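K.L.:
Sequence below, structure please.
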Amino acid sequence: MQRRLRGISQATLSEGLGVSFQQVQKYEKGTNRVGSSRLQGIAIILGIPISFFFEDGPRAVPDAQPDMNADNDIVALFNTAEGLALSRAFSRIEDPNVRRKFVGLATALAAKP
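P.N.:
This is a model prediction of the structure:
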């Protein structure tokens, strides 16, 4: 999910790690285990603290309180067929103006009672 949110392709991640994109697919599906040094590499490429991957691990910035509701909303969205379809369709919109207008439309629709 973090890779997708950051707009990083499996190919880009695999190049940074020095593995095939099929290996990244296996990591993401849970088919293959991820070693600690590889996990560190993934965290660096994604620009997140390695503690992100550990539920009760220490945070990189102790005073920062992550917005868990926002994270839960994102997880809930990507756990639906509609959310995945919307995300895939949105990512194929190349014109940044159209993307902004689409976000504006979605925001306006969400604000309606």
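K.L.:
how many other residues sit next to Ile50?
P.N.:
16 (other Cβ atoms under 10 Å). Just so you know, the C-beta spots here come from the backbone N, C-alpha and C atoms, and that holds for glycine as well.
K.L.:
Longest helix in this structure, please.
P.N.:
In the chain, taking DSSP state H as the definition, the longest helix is helix 96-111.
K.L.:
what distance separates it from the centre of its chain?
P.N.:
20 Å (Cα atoms, centre = their mean, to the nearest Å).
K.L.:
what comes up buried for it?
P.N.:
For helix 96-111, a neighbour-count test (16 or more other Cβ atoms under 10 Å) marks nothing as buried.
K.L.:
Kindly report the same for stretch 4-14.
P.N.:
Using 16+ other Cβ under 10 Å as the test for burial, stretch 4-14 gives 4, 10, 13-14.
K.L.:
ok, so of the residues you listed, who is nearest Asp95?
P.N.:
Arg4 (20.7 Å; Cβ to Cβ).
K.L.:
Now do the longest helix of the chain: everything it contacts.
P.N.:
By Cβ atoms under 8 Å, 6 or more residues apart in numbering, the residues outside helix 96-111 that reach it are 90, 93.
K.L.:
Now do Asn69, the pLDDT please.
P.N.:
Model confidence at Asn69, expressed as pLDDT, equals 53.
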